[in-house]
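Colleague: Got a sequence here, can you build the structure:
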Amino acid sequence: MKKAILTFVIAFAGIITANAQVWLGGSLGFNTNKAEGQRGTYLFLGPEVGYSFGDWSVAMALGYANSTSAALAGPTNKYTTSALQVSPYIRYNVCNIEKFSFFLDGAFDFIGWRDKYNINGTITYGRDWQTTWQAGIKPGIAFHPTAKWAAVFHCGFIGYSKGSIGGIDNIISPYDPGFNIDFTASTISVGFYYNF
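Modeller: Numbering: from 1, shown residues only. Okay, here's the model as predicted:
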């Protein structure tokens, strides 16, 4: 019996390894705008590494976001928020149509953030280090122009958030505490992956 179980485990591992693929990638975002005497800038860096086997993938994404709002004239007033995110997830490819694949990511996001004010050179921190988390489904589409490269588009979030980031714009997780269904433009992200 033990030999049969061991043979099954080795065969299953061989099947998974034969179809397995490691990929690296991530996303980069930058935005700047002027409105009502203020300039806002937003930067996001999000590297990812994943392991695919068949229609399933497991991956880990990291993220850093920085959002700044500053006065264009007059006193030097600047408000900055920085956030770090750790996001393990499991991806299931629902279907493939030629070079496109439609998928669902089951994600758990843990976010830590802090904000600070710079008023005429005096720096003060608005809050201590804050944390929040969310768990849910993020649907998306991947486009595979070649066997090695993929462009990935996410849009939407259905899940639960605990904690809050105080309604701060453009930070990685804008959701209020509780259950959320959100398919607005703020949930759109674009990334690129390289398959080994």
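
Colleague: buried residues in the host helix or strand of Gln134?
Modeller: For Gln134, the host element (DSSP states H and E) is strand 130-143. With burial defined by 16 or more other Cβ atoms under 10 Å, the residues of strand 130-143 counted as buried are 130, 132-134, 136, 138-140, 142. Using the backbone N, CA and C atoms, a C-beta is placed for each residue, glycine as well.

Colleague: what does it contact?
Modeller: Strand 130-143 is contacted by residues 89, 99-114, 150-166, 173, 175, 180, 187, 193 when judged by Cβ atoms under 8 Å, 6 or more residues apart in numbering.

Colleague: wait, which of the buried residues of strand 130-143 is closest to Ser52?
Modeller: Ala142 (10.8 Å; Cβ to Cβ).

Colleague: now the closest one, which residues is it bridged with?
Modeller: Ser101, Val152 (DSSP bridges).

Colleague: related to what we said a few turns ago, tell me how far the strand holding Gln134 lies from the chain's centre.
Modeller: 6 Å (Cα atoms, centre = their mean, to the nearest Å).

Colleague: average pLDDT across it?
Modeller: Mean per-residue pLDDT for strand 130-143: 90.

Colleague: How about stretch 156-163?
Modeller: For stretch 156-163, mean pLDDT is 85.

Colleague: which parts of that stretch are buried?
Modeller: 156-157, 159, 161, 163.

Colleague: JSON lines for those, including secondary structure and distance to Cys95?
Modeller: What follows is the buried residues of stretch 156-163, written out as JSON lines (DSSP: H, G, I helix; E, B strand; the rest coil; distance: Cβ to Cβ, whole Å):
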{"residue": "Gly156", "secondary structure": "coil", "distance to Cys95": "17"}
{"residue": "Phe157", "secondary structure": "strand", "distance to Cys95": "21"}
{"residue": "Gly159", "secondary structure": "strand", "distance to Cys95": "22"}
{"residue": "Ser161", "secondary structure": "strand", "distance to Cys95": "29"}
{"residue": "Gly163", "secondary structure": "coil", "distance to Cys95": "35"}
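
Colleague: what helices or strands is the helix or strand Lys78 falls within leaning on?
Modeller: Per DSSP H and E: Lys78 is located in strand 77-97. Secondary-structure packing of strand 77-97 (3 or more Cβ pairs under 8 Å, 6 or more residues apart in numbering; DSSP states H and E): strand 38-53, strand 56-71, strand 100-119.

Colleague: in stretch 42-60, what counts as buried?
Modeller: 42-44, 46, 48, 50, 52, 57, 59.

Colleague: Considering those, which is situated nearest to Ser27?
Modeller: Nearest member of the buried residues of stretch 42-60 to Ser27, counting by Cβ to Cβ, is Gly46, at 4.6 Å.
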